[in-house]
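>>> Provide a 3D model corresponding to the input given below.
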Amino acid sequence: MFLEDILPKMSKLYLGRIVDSFLKDVHMESEEEMRAVILKNIDEFQNKERVKKVLNFHDETRDISLLNEMVLMSLMEKEGYLLSETELYKEIEEMQKAILVQSADDDYLTRFIPEKTKRIYSAVLEEAWKKDESLNEYEINILEVLRNELELTKREHYLLESRIGRFPKKDNKLHTNHEIGRSLINLQARGLILRYREDTTYYIIPKDIARILRYEMGGELRNEVYKTFLNDLNVKQLREILNNLDFNISGRKDEIVDRIIEYEILPSTALKVFSSVELSDILRGLEGVKISGTKKEKIQNIIDYYEMLSSTTTSDITDERARLYDFYEELASRDYKTLRVNKLIDKDINIDNYFEDATSYIFEKKFGINLLPMEGTRHADGKIKFSEQEVILWDNKSTEKPYTFPENHFNQFLRYIRSEKERVTLFLIIVHDYTTEAIAQAQKLKAFSEEDTDVALIKASDLVYVAEQWKSYSDQKHPAFNLQVFNMTGELTRSMLLSRMEWAFKGNNTP
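The predicted structure follows:
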């Protein structure tokens, strides 16, 4: 979820932490004010340099610094970068326990860390810890440089730290829930995670900054996506991974894939097995990915490609259009790379038709409204009944850049409105984003319609938000969707939609 999707679910205390994380000397009394000011300054929240700055935990205590990293690592490994509070506490405990068990296994360490690398890094690590109960910023930086030179992962650093009795805490003691709770507050104060409550309490990395975090922390693939990558390799390549690490290479392909995941062989570790030429061969099979570069860059390019993969499970198995709905914003913005990676499109021309199909799915399945048939081929993308003598039309326009509402579209939409037998009370234009010129064109189209037809622009992300949230605004046991939510001229912003849903679904919600 993006920040703007999460804010309505957050209470005042947790909104205040986000405001304080990137806006100084700002005081507000109400939740509404807080949400408004956060959205107004969302560019600052998403700023890469801000995120990189607050990811530096060197000024924190050892426990907070370590737990901050483990919390973020746990969330990054999950679909949607989301965990319930209970799940997150359990993830941290299990991660720490697993590292303690693996660090005590000499055979396991030998497989993953070359003996010379282990000897050099362990000697420096032990010396750094000798003088007192913590590492200073200088020592942390030296270890980070050495780790990068020796190509050790952060997890391998934890394994070796555990060997000298310094992970997770002195004498290998686990962190308490109270200590984890302090870390969660610290991460919220830094604007890196958000806390909200529905049926239970959740922690989430907003999608706005998730990709920056993953790059800066060297995040690996989620198991579900990692399994997809491994299945894309052939059996010979899979056995090469296991053989290089001295694991059993026998069995069927599915057994080998499960073994790689079971032994927690990280994607970067698996890919290091292949030569630069072999990595280039893998990259050639991935559409739109850069093939040249150093071996390290090639490995990162492969990981980045698969990171864009979404879950293969659709939100609605009863309707094939649900898979299109799951990528609605990508269809609206013509995000070719993500759509191809997830095998949603074969040809670019598919995007327009799929965007239309996904919108029909929203009105039919999410809003529970029957679509009306349209005659011929020159008509709007969708039509529904508003009242006995009035209808609503909509049209989808997917564009890579903000929609400008050109004159040929103006004439096209005007023709659609005037050719309808019944009065068109609303013409809805669904886009990825739009310009101020487009808003002016909407006002102009209303004037030229000669029927006082409202003309509204709505972002695909906002239409999805309404589709997912409208029932929560109703006080009815079996609510019906009220089309008055959209019935206005101009831009249907998220704040405008929130306001309209507040009154549209109370009491009598029949249009």
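>>> So for the chain, the centremost residue is which one?
The centre of the chain sits closest to Lys207, judged by CA atoms, centre = their mean, with a distance of 3.8 Å.
>>> In CSV, could you pull the C-alpha coordinates for stretch 459-475?
Extracted in CSV, the C-alpha atoms of stretch 459-475 (Å, rounded to 0.1, in the frame of the first residue of the first chain):
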residue,chain,number,x,y,z
LYS,A,459,-6.7,8.6,-10.9
ALA,A,460,-6.7,4.8,-11.2
SER,A,461,-5.2,4.5,-7.8
ASP,A,462,-8.1,6.5,-6.3
LEU,A,463,-10.7,4.4,-8.1
VAL,A,464,-9.1,1.3,-6.6
TYR,A,465,-9.1,3.0,-3.2
VAL,A,466,-12.9,3.6,-3.4
ALA,A,467,-13.4,0.1,-4.7
GLU,A,468,-11.7,-1.4,-1.6
GLN,A,469,-12.9,1.0,1.1
TRP,A,470,-16.4,2.2,0.2
LYS,A,471,-18.2,-0.4,2.3
SER,A,472,-16.4,0.7,5.5
TYR,A,473,-18.1,4.1,5.1
SER,A,474,-21.6,2.7,5.2
ASP,A,475,-23.8,2.3,8.2
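>>> Please work out the average pLDDT along the helix or strand hosting Glu32.
Secondary structure assignment for Glu32, by DSSP states H and E: helix 31-40. Computed over helix 31-40, the mean pLDDT rounds to 87.
>>> Can you name the residues that contact the residue nearest to the centre of the chain?
1-3, 81 (CB atoms under 8 Å, 6 or more residues apart in numbering). From N, CA and C alone the C-beta is placed, and that goes for glycine too.
>>> ok, of these, which come out buried?
Buried members of the contacts of Lys207, counted by 16 or more other CB atoms under 10 Å: 1-3, 81.
>>> Can you get me a residue count around Leu7?
By the criterion of other CB atoms under 10 Å, Leu7 has 24 neighbours.
>>> Give me the neighbour count for the residue nearest to it when sequence neighbours are not counted.
Excluding its sequence neighbours, the residue lying closest to Leu7 (CB to CB, 6 or more residues apart in numbering) is Arg35, at 4.7 Å. Residues lying near Arg35 (other CB under 10 Å) number 22.
>>> How about the one 4 residues further on?
The local packing of Leu39 (other CB under 10 Å) involves 15 other residues.
>>> Could you grab the helix/strand/coil label for the nearest residue to it once chain neighbours are set aside?
Among residues not flanking Leu39 along the chain, Glu4 sits closest, at 6.0 Å (CB to CB, 6+ apart). Recorded secondary structure, Glu4: helix (DSSP: H, G, I helix; E, B strand; the rest coil).
>>> Glu4 and Asp246, how far apart?
Look at Glu4 and Asp246: by CB to CB, to the nearest Å, they are 49 Å apart.
>>> In terms of neighbours, single out the busier of these two.
Neighbour totals were compared for Glu4 and Asp246, and Glu4 leads with 18 against 10 (other CB under 10 Å).
>>> ok, the more buried one - contacts?
Contacts of Glu4 (CB under 8 Å, 6+ apart): 39, 42, 461, 465, 494.
>>> Who's the closest spatial neighbour of the second one, skipping the chain neighbours?
The reference is to Ile42. Closest to Ile42 by CB to CB, 6+ apart is Leu3, at 6.3 Å.
>>> what's the answer for the last one, then?
In this structure, Arg494 finds its nearest non-sequential neighbour in Asp462, 5.3 Å apart by CB to CB, 6+ apart.
>>> show me what contacts that neighbour?
Residues in contact with Asp462 (CB under 8 Å, 6+ apart) are 492-494, 497.
>>> Let me know the closest of the residues you listed to Lys130.
Among these, Arg494 lies closest to Lys130 (CB to CB), at 54.8 Å.
>>> Next, the residue nearest to the centre of the chain: phi, psi?
Lys207 has phi and psi values of phi -60, psi -30 when expressed as degrees, to the nearest 10.
>>> mind checking pLDDT for it?
On the pLDDT scale, Lys207 is placed at 87.
>>> Now do the strands in the stretch 151-300 of the chain.
194-197, 201-204 (DSSP state E, counting those that start in this stretch).
>>> circling back to that earlier point, pick out the most distant pair among the contacts of Lys207.
Based on CB to CB, the longest span within the contacts of Lys207 runs between Leu3 and Tyr81 and measures 12.0 Å.
>>> list residues touching both of the two?
With CB under 8 Å, 6+ apart as the test, Leu3 and Tyr81 both reach 206-207.
>>> chain center to stretch 180-195, what's the gap?
Centroid separation between stretch 180-195 and its chain, computed with CA atoms, centre = their mean, to the nearest Å, is 18 Å.
>>> Stretch 319-330 now?
With CA atoms, centre = their mean as the basis, stretch 319-330 stands 16 Å off its chain's centre.
>>> okay, how far is it across that stretch, tip to tip?
End-to-end distance of stretch 319-330 (CA to CA, to the nearest Å): 19 Å.
>>> picking that back up, I'd like the distance between the residue nearest to Arg494 and Asp326.
In terms of CB to CB, Asp462 sits 17 Å off from Asp326.
>>> Same question for Gln96.
Taking CB to CB, one finds Gln96 at 34 Å from Asp326.
>>> which residues touch Ala442?
Counting by CB under 8 Å, 6+ apart, Ala442 has contacts 405, 429, 455-457, 489-491.
>>> To which secondary structure element is it assigned?
helix 436-448.
>>> Pull the distance from the helix or strand just after that helix to the chain's centre.
Moving toward the C-terminus from helix 436-448, the next helix or strand (DSSP H and E) is strand 454-459. The chain centre lies 26 Å from the centre of strand 454-459; the measure is CA atoms, centre = their mean.
>>> angle of the helix or strand that comes right after strand 454-459 against strand 454-459?
Using DSSP H and E, the helix or strand that directly follows strand 454-459 along the chain is helix 460-469. For helix 460-469 against strand 454-459, the angle by axes from the mean of the first three to the mean of the last three CA atoms, to 10 degrees is 90 degrees.
>>> So for helix 460-469, what gets flagged as buried?
So for helix 460-469, counting by 16+ other CB under 10 Å, buried means 460-467.
>>> Could you do stretch 344-362 as well?
Here stretch 344-362 shows 344-345, 351, 354-362 as buried, counting by 16+ other CB under 10 Å.
>>> Same question for stretch 66-79.
Judged by neighbour count using 16+ other CB under 10 Å, the buried positions of stretch 66-79 are 66-78.
>>> that older thread, isn't the residue nearest to Leu7 up against Lys9?
No: in this structure, Arg35 is not within contact of Lys9 by CB atoms under 8 Å, at 10.5 Å.
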